[in-house]
Every structure is written in C-alpha cells, then in structure tokens.
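Asks: Next come a sequence and a model predicted from it.
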Amino acid sequence: MLAGPWASQILADLGADVIKVERPGVGDDARAWGPPFLKDRSGAYTKESGYYLAANRGKRSITLSLDALEGRDIVRRLAARSDILIENFKVGTLGKFGLGYEDLRAINPRLIYCSITGFGQTGPKKTHLAYDFLIQAMGGLMSVTGERDESPGGGPQKVGVPIIDLNTGVYASVAVLAALAGREVSGKGDYIDIGMLDVQVGLLANQAMNYLVTGRTPARTGNVHPNIQPQQVFACKDGDMVLVIGNDGQFQRLCAALGRSELADDERFATNAARVRHQKVLVPQLAEAFARENRSYWVERLSDAEVPCGPINSIPEVFDDPQVKERQMLRYLSHPTGGVVPQVVSPFRFANAGLEYRNAPPLLGQHSDEILHELGMDDESIAQLRKRGIV
C-alpha cells in the first residue's frame, strides 16, 4: 500500500507519466487509512486520507476490474505502450490474471516489470502477507530500536514512520532506473524482484556487521550510539537536544565550548574507543553542563564551534525551520476538491534540470476516461464499461 506507490511517486517527480490502476469504487486501501482526511473547499472531509496523499503525487488514476476480461485487456494495452510496470500484489496474483511478467513480456519485450512483495518471489514465506510493522520486527530493526529492557519505557520499538515501506520504494525506483539504463545497452526489458524483508536485512548495516564480526547480539541502547560517543540526547533547561560527536577533534571543541577542556585531556576520553568504554563516567559530566542553559543557547554556541548538534523538533517545528523553508520542502498543489493540498516534495536537486510537481494525488478514477481515450476508445465504449462496473 505504500512501497509501490512511493516508488512510482519518485518516478513521477522525475517526470514519468505514471498511471495508477485501482479497483472500481474502492481504490488503493491507503485511501481509507485515516483519519486524518483532506478537507474540501466547504470544510467537509473528503475520502483522501493523509496516508494516501503522502505517496501519490503526480499520477493519473484509472479504475479497472481485473476480474473482467475487458479490464485485463486494458492492462495489456497499457503494458504494450509503457516502459515500466510496478506491482505491489501478493506473489502470483497478477499471474493468475494472465498479467505476469512472462505474459506481458510477450507483448512488450522492452517492458521493465518490478514486483514488490513482503518476502520476495522465492523462499518458504513468499506467499505470506506483510506490512511494514511486521517486517521491522522480523528483520531485526525493533530488536535494536528502543530503550534497554531495564530502563524506564524499555522494550522494542518500531520506527515512527513506515521506514521499510519507504526504503523499499526507494530501492525499487533505483532498480527500475538501473534497468532502464541497462535496456539502452541490451535493448531488452527486465524483471525486478524486491522483497521488503531483504530491504530490512540490508538496512541493518553497521548493526549487522557488529554482530557478524564479533558474534555478539546487538542490544537496544535507546538514543545512545553503540559505536560512537558521545552521541545521544541531552536535556537542557527548556528541552532536549541531540549531540553527535563523530571524531576526536569535535570532542575537543565540545569540551572547550562547555568550559570543560580538561575532559579532552583525560586519557579515558581522549579517543572515541576510550569514550565508548568510559561513557558511564563521561556522560553524567556532559549532562550536568547542558542542564545549566537553554537549548537554543547550546545549539548556537556549539554550532559556532563546529560541533554537530541540534534540537529534537516536533513536526511543526520541522516545517518552521529556516533551512527547510529555504529548501522549499513543503509546497502546495491544486486539488480538484480540496482547493490545495500540502505536499512534502522530493529531496532531489539537479543543477541542469528542475523537478515539476504537476498534479496533486488523483481522485479515484479521475483520469479513467482520459487514459481510455488515449487507447482509442470512444465515449460509448467507455460508458458501457462503466455501466458493467469494469471501469
């Protein structure tokens, strides 16, 4: 419900004409994943959830019933003239409709067909259902996220956004673009198999290597970095901030800014490895210093000293941040019922090309007639399809 739409939204932002195929009368499940829902011009709630609106910018929506032969035929006609097909169904679902990779490759040998599933196309769990929360658990992320069991509020935690869905979408879009580049050489399309669990395992990154090189199981450490110190949250007079020391020079500048230069000369803290070993001694001394002043004071003072740090912002504070405003990450697009809809846009910036955010996330079936006309159908034929519930 999110990985495929996120991948195709990335491609839409880059200029692709993305056609979103949805079920008549129902559409993408994420449309109903609310509240909250977008309000229309009169202040009444629409059927467009915030969840749906986050991942479907720049697309055209057509509704098609795959249970009907005519609906499947329209998908084949779309595939014949398309570069890419991205599908987010359970393993084998489209194959049952005669719309699998081999079926469509026979129609369009240059088609790049990307299947996104929970567990990939092979293996004992390939047919199992999966959602982001489940994959965070199964893939080890929750085992290293959250406070220690013995700490207040200790226990496994999921990440606050559907991070595996989102990263799966990013990986899928990268794979699709790589296949497009490969097609320029081979002249042939390709089949891409993306599994969310594979993505999660890949994202274990340093935590995976911590285990693989030592044999020790990584534990939850809350906001404390397991390999680099000091990197954690510190409480100031009026709120919390994050300190992220990445090398010994930064630690020396930190100590000077805190008025505790002697800490940098202490052999227990002189190197990162020493600081990791002696963090139980070091951190309380740093915490005492931070507690004396307001957060803004320390952020400004440490930033001036080129010490990486920052406030823990709420979501409203993020969009009020001068840096975020300068980068225009929040924009507004015209919406057919809502007037305008806010959009958090792509982080891509190109020197010689600009991204265009042309269309708000579409209403269900908003472009059905338009797309069917492009396939050569007349109004009467479309009306008959709609009467039979196929469109």
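Replies: Noted; the coordinates are in hand. Numbering: from 1, shown residues only.

Asks: got a list of contacts for stretch 300-319?
Replies: Contact partners of stretch 300-319, identified using CB atoms under 8 Å, 6 or more residues apart in numbering, comprise 233, 239-246, 250, 253-254, 256-257, 295-296, 298-299, 321, 324-325, 329-330. C-beta: built from backbone N, CA, C; applies to glycine.

Asks: again but with stretch 165-178, I slipped
Replies: Stretch 165-178 is touched from outside by 1-11, 55, 84, 86, 112, 114, 116, 132, 192, 194, 196, 199, 203, with contacts defined as CB under 8 Å, 6+ apart.

Asks: follow-up on the earlier one: which of the contacts of stretch 300-319 count as buried?
Replies: Neighbour counting by 16 or more other CB atoms under 10 Å classes M241, L243, I245, Q250, R253, L254, A257, R295, W298, V299, M329 among those as buried.

Asks: May I see the residues you listed arranged in CSV, with secondary structure as well?
Replies: Shown next, in CSV, are these (DSSP: H, G, I helix; E, B strand; the rest coil):
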residue, secondary structure
M241, strand
L243, strand
I245, coil
Q250, helix
R253, helix
L254, helix
A257, helix
R295, helix
W298, helix
V299, helix
M329, coil
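
Asks: Could you dump these into TSV with distance to S346 and pLDDT added?
Replies: Below are those laid out as TSV (distance: CB to CB, whole Å; pLDDT from 0 to 100):
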residue	distance to S346	pLDDT
M241	29	95
L243	30	96
I245	31	96
Q250	31	97
R253	35	97
L254	35	97
A257	36	96
R295	31	94
W298	33	97
V299	28	96
M329	9	97
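
Asks: quick one: which of the contacts of stretch 165-178 sit in helices?
Replies: Using DSSP state H, 3-11, 132, 196, 199, 203 are the members of the contacts of stretch 165-178 that sit in helices.

Asks: can you list those in a markdown table and add pLDDT?
Replies: Shown next, in a markdown table, are the ones in helices among the contacts of stretch 165-178 (pLDDT from 0 to 100):
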| residue | pLDDT |
| --- | --- |
| A3 | 97 |
| G4 | 97 |
| P5 | 98 |
| W6 | 98 |
| A7 | 98 |
| S8 | 98 |
| Q9 | 98 |
| I10 | 98 |
| L11 | 97 |
| D132 | 97 |
| M196 | 98 |
| V199 | 98 |
| L203 | 97 |
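
Asks: I'd like to know which of these is nearest to Y211.
Replies: Y211 lies nearest to L203 out of those, by CB to CB, at 14.1 Å.

Asks: can I assume that closest one is in contact with V144?
Replies: No - L203 is beyond contact range of V144, at 10.9 Å (criterion: CB atoms under 8 Å).

Asks: how close does the spatially most central residue of the chain sit to F269?
Replies: Centroid-nearest residue in the chain: L166, 2.3 Å away (criterion: CA atoms, centre = their mean). Using CB to CB, to the nearest Å, we find L166 at a distance of 37 Å from F269.

Asks: Return the residue of the chain that is most distant from the centre.
Replies: The chain, CA atoms, centre = their mean, max distance from centroid: E262 (43.3 Å).

Asks: How is that one classified with respect to secondary structure?
Replies: Here E262 takes the helix state, with states given by three-state DSSP.

Asks: Look up the closest residue to it, ignoring the ones flanking it.
Replies: Leaving aside its sequence neighbours, E262 sits nearest to C255 (CB to CB, 6 or more residues apart in numbering; 7.6 Å).

Asks: Now for that neighbour: which residues touch it?
Replies: C255 is in contact with S261, E262, L263, A264, counting by CB under 8 Å, 6+ apart.

Asks: mind running it again at 10 Å?
Replies: Residues in contact with C255, defined by CB atoms under 10 Å, 6 or more residues apart in numbering, are S261, E262, L263, A264, D265, D266, F269, Q285, L286, A289, A305, V307.

Asks: So which residues of the chain form strands?
Replies: Along the chain, counting by DSSP state E, strands occupy 18-22, 37-39, 45-49, 59-63, 84-87, 112-117, 190-195, 231-236, 239-244, 309-311, 330-335, 339-344.

Asks: who does the second one pair up with?
Replies: To tie it back to what came earlier, the one meant is strand 37-39. Using DSSP bridges, the strands paired with strand 37-39 are strand 45-49 (antiparallel).
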